[in-house]
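1. need coordinates for the following:
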Amino acid sequence: MALSKSTENKLFITGYTAKGIVYSLIGIFAIAGVVGGASGSNSGPKAVIKWIGTNPFGQVLLFLIGLGLLAYCSWRWYTAVQDKKNEGKDKEGIVKRIAYAVSGTAYGVLSAQAFKLAFGGGGGGGQDKQDIIAQLLSKSWGPYVVGAIALIMAGVAIFQLYRAVKDKHMDRIEGQQLSEDQREVFQRTGEVGLTARFIVYGVISFSLFKAATMDDASQFRGIGEALSFIEDQSYGAALLVIVGLGLLAYGIFMFVRARYERV
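-> The predicted structure follows:
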C-alpha cells in the first residue's frame, strides 16, 4: 500500500536524522579515542546506543532514537517493496532492492536494541554478528556463504566510493534552492563521509574473506572492530582521526539529506 507524500517524507526525515546521530557519535568517539588517549574507545552502532542510555534522560533518548531507527528501517523496506527508486525487476534492480531491505533490517535490529534498553531490558540476550558467523562456518557450506557475504560487503564498499567520485549523493539535493557555497560544502561533506564508509566497509569485507578462508569467525570485524584495526596499523592514530572525521562528516551529511532532500 502506497503512503501519502507527507508520511513518506516524515519517515525519511526521521530515519535519516537518527542515522545521522548514530554515525556522528561513532565518528566523535573514534576521534576522542585518539585525542583523549582513551584506548578501546572505538565504538560501533550498538555501543553508541548503549552510551546514549547512560546520559541524563537516557531512557527517553533511547526511545526517541529507537523510533528514528525504526522509521529508517521502515523507509528502506518501503523503498524496496514499492520500488521508490525505480530500480525495476531485472536482476540488477532486484539485487539493489534486496540490499535496501537488508540495510533496513540491520537498523531495525538496532532499533529493537534501543527499545529494549529504554524499557529496562538490558543490553544482552542477543547473538552478536561474530556468533552468527561462527554458526555459519560450522556448516559444510558455511565458508561459501560467508565468502558471498564478503563479496556483497565489498560491493557495498565500492558503491560508497562510486557515489562519492561521481557525486551521486547530490542527485536529489541539486534541485533544492542552495547557494553555491552551501552546495560546495554539502558536496565535500558527502564525499568525505562516503569515502570513510568505503574504508570501513572495505575492512569489514576483508575480515569476512579471512573468516571464510581460515574458517575462523574471530577474524570478523564489525564497525567498531574495523576502527580498532585501522588504529593498529602504521600511523594508525592519524588514520583513525581521518576516518573518524569522515564518519562524522557522513553523519552530518545525513542531517543535510534530512533537511533538504524530499522523496
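2. and the next helix or strand past the worst-scoring helix or strand of the chain on mean pLDDT?
-> Scoring the helices and strands of the chain by mean pLDDT, DSSP states H and E places helix 129-137 at the bottom, with a mean of 86. The first helix or strand that comes after helix 129-137 along the chain, using DSSP states H and E, is helix 142-165.
3. and the helix or strand that that next one is followed by, what's buried?
-> Scanning forward in sequence from helix 142-165, with DSSP H and E defining helices and strands, the next element found is helix 180-214. Buried residues in helix 180-214, defined by neighbour count with 16 or more other C-beta atoms under 10 Å: 186-187, 189-212. The way it works is simple: take the backbone N, C-alpha and C, and place the C-beta from them, glycine included.
4. helix 180-214 to helix 142-165, inter-axis angle?
-> Orientation of helix 180-214 against helix 142-165 (axes from the mean of the first three to the mean of the last three C-alpha atoms, to 10 degrees) gives an angle of 160 degrees.
5. which positions in the least confident helix or strand of the chain come out as buried?
-> Residues of helix 129-137 classed as buried under the neighbour-count rule (16+ other C-beta under 10 Å) are Lys129, Gln130, Ile133, Ala134, Leu136, Leu137.
6. check these and tell me the two furthest apart.
-> Using C-beta to C-beta, the pair of those lying farthest apart is Lys129 and Leu137, separated by 12.5 Å.
7. what helix or strand does Gly120 sit in?
-> Per DSSP H and E: nothing holds Gly120, as it lies in no helix or strand.
8. now it. Nearest residue, chain neighbours left out?
-> Leaving aside its sequence neighbours, Gly120 sits nearest to Gln59 (C-beta to C-beta, 6 or more residues apart in numbering; 7.8 Å).
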